[in-house]
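Peer 1: Quick one: sequence and predicted model below, then my questions.
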Amino acid sequence: MPPTAPRWSVADERGAYRIALGAWLGLFAGAIAIVLPSTAIFLSVYAPGSLFSLGTALFRLVGLLVLAGAILFLLSLFLYRRGFTALRRVEGEFALATVLCLVGSVGFLLLLVTAAVLAGSSTAVASCIHGQPTQSLSCLETNQPLGAYTAVIGFVFGWIGGVGIVVGLAFAGTRFAEPALRLGAFFYLGLLVLLIAPTLALLVPFDGVQFLLLIVPVLAVAAPALVLAGTIPKLGRFARAA
């Protein structure tokens with residue numbers, strides 16, 4: 001019997017390519033917006049006398065890093081959504097991931113506003129906190145109410161967009177038969193779950209949140225790295241089949 005023709009289409013290749021680009025940007029965004037700020041804040045709070053000290057300069061640095069990272073996250077989410085949109089042409093189940101990612105894009109736009117506000121009011125916020133990171137949201141609300149509201153709404157919408165990435169990658173992993181994509185979706189899901197606890201700690205302080213903050217940067221880098229591990233080989237097979 002003649003070999004069965006491959007079921008891959010141009011939409012599959014286009015979708016995989018866009019997902020790979022989204023993962024690259026997500027990798028850089030995670031490093032800039034999560035790994036670097038978390039490291040700086042952790043050292044300033046739990047290692048006094050290190051390179052970083054809790055103050056105006058640190059908050060200005062964190063604000064700029066979050067601002068740059070939010071831009072990269074927004075672009076990453078856009079490319080993920082474009083990838084899922086392409087795959088929706090061959091499988092309608094990707095429509096859900098596309099809608100959720102669209103909601104997330106609105107969230108990251110609001111987070112950009114928050115990051116800009118934080119960068120512009122670093123002196124007042126730093127004076128309010130006085131070495132208590134769990135007071136960050138209340139201090140931001142006191143000094144910049146608009147920034148506090150946009151931070152909460154932006155986080156919720158951005159979190160929903162993260163769910164869209166998880167759903168889309170899970171579907172893509174099944175369609176492409178790539179375990180790395182499904183594992184990447186699982187790591188993104190773990191990241192979303194762990195982000196809830198530090199965010200709640202801004203409202204209600206509780207012990208142990210610092211240990212969760214150590215895991216978040218790892219997942220923020222590992223998740224897009226796994227997506228790349230699942231898409232790059234697939235793109236290579238697409239190229240050889242062309």
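Peer 2: Everything's here; your move.
Peer 1: Run through the residues that contact residue 69.
Peer 2: Residues counted as contacts of residue 69 (Cβ atoms under 8 Å, 6 or more residues apart in numbering) are 29, 30, 32, 33, 34, 37. Using the backbone N, CA and C atoms, a C-beta is placed for each residue, glycine as well.
Peer 1: From residue 223, how far out is the fifth one?
Peer 2: The one in question is residue 34. 11 Å (Cβ to Cβ, to the nearest Å).
Peer 1: Between those two, tell me which one has more neighbours.
Peer 2: Neighbour tally, residue 34 and residue 223, criterion other Cβ atoms under 10 Å: the higher count belongs to residue 223, 27 against 23.
Peer 1: Please name the residues that touch the nearest residue to the more buried one once chain neighbours are set aside.
Peer 2: Leaving out its chain neighbours, the residue that sits closest to residue 223 by Cβ to Cβ, 6 or more residues apart in numbering is residue 187, at 3.8 Å. Applying Cβ under 8 Å, 6+ apart, we find residue 187 in contact with 219, 222, 223, 226.
Peer 1: make it 10 Å
Peer 2: Residue 187 makes contacts with 166, 169, 218, 219, 220, 221, 222, 223, 224, 225, 226, 227, as judged by Cβ atoms under 10 Å, 6 or more residues apart in numbering.
Peer 1: Rounded mean pLDDT for the helix or strand that contains it, please.
Peer 2: Per DSSP states H and E: residue 187 is located in helix 179-203. In this model, helix 179-203 carries a mean pLDDT of 83.
Peer 1: following it, which helix or strand shows up next?
Peer 2: The helix or strand immediately downstream of helix 179-203 is helix 209-241, counting by DSSP H and E.
Peer 1: same for that next one, what does it pack against?
Peer 2: Helices and strands touching helix 209-241, by 3 or more Cβ pairs under 10 Å, 6 or more residues apart in numbering; DSSP states H and E, are helix 10-30, helix 36-46, helix 56-88, helix 145-176, helix 179-203.
Peer 1: which residues touch residue 163?
Peer 2: When contacts are counted by Cβ under 10 Å, 6+ apart, residue 163 touches 96, 97, 100, 101, 103, 104, 188, 189, 192.
Peer 1: how many other residues sit next to the last one?
Peer 2: Put plainly, it is residue 192. Look at residue 192: counted by other Cβ under 10 Å, it has 19 neighbours.
Peer 1: how near is it to residue 215?
Peer 2: 12 Å.
Peer 1: The first one too?
Peer 2: The gap separating residue 96 from residue 215 is 28 Å, by Cβ to Cβ.
Peer 1: neighbour count winner among those two?
Peer 2: Under the neighbour definition other Cβ under 10 Å, residue 96 and residue 215 were set side by side, and residue 96 has more, 16 against 13.
Peer 1: remind me which residues of this protein are low pLDDT?
Peer 2: For the chain, the stretches with pLDDT under 70 are 1-7, 44-58, 115, 117-148, 197-213, 238-242.
Peer 1: Need the max-distance pair from the contacts of residue 163.
Peer 2: 103 and 189 (16.9 Å; Cβ to Cβ).
Peer 1: quick revisit: show me which of the contacts of residue 69 is closest to residue 177.
Peer 2: Using Cβ to Cβ, the contacts of residue 69 come closest to residue 177 at residue 30, 26.2 Å.
Peer 1: Could you tell me how many residues sit around the closest one?
Peer 2: 26.
Peer 1: and the residue lying closest to it once chain neighbours are set aside, what does it touch?
Peer 2: Leaving aside its chain neighbours, residue 30 sits nearest to residue 220 (3.3 Å; criterion: Cβ to Cβ, 6+ apart). Residue 220 makes contact with 26-27, 29-31, 33-35, 38, 69, 73, 187-188, 191, 194-195, according to Cβ under 10 Å, 6+ apart.
Peer 1: do residue 105 as well
Peer 2: 73, 74, 75, 77, 78, 80, 81, 157, 158, 161, 164.
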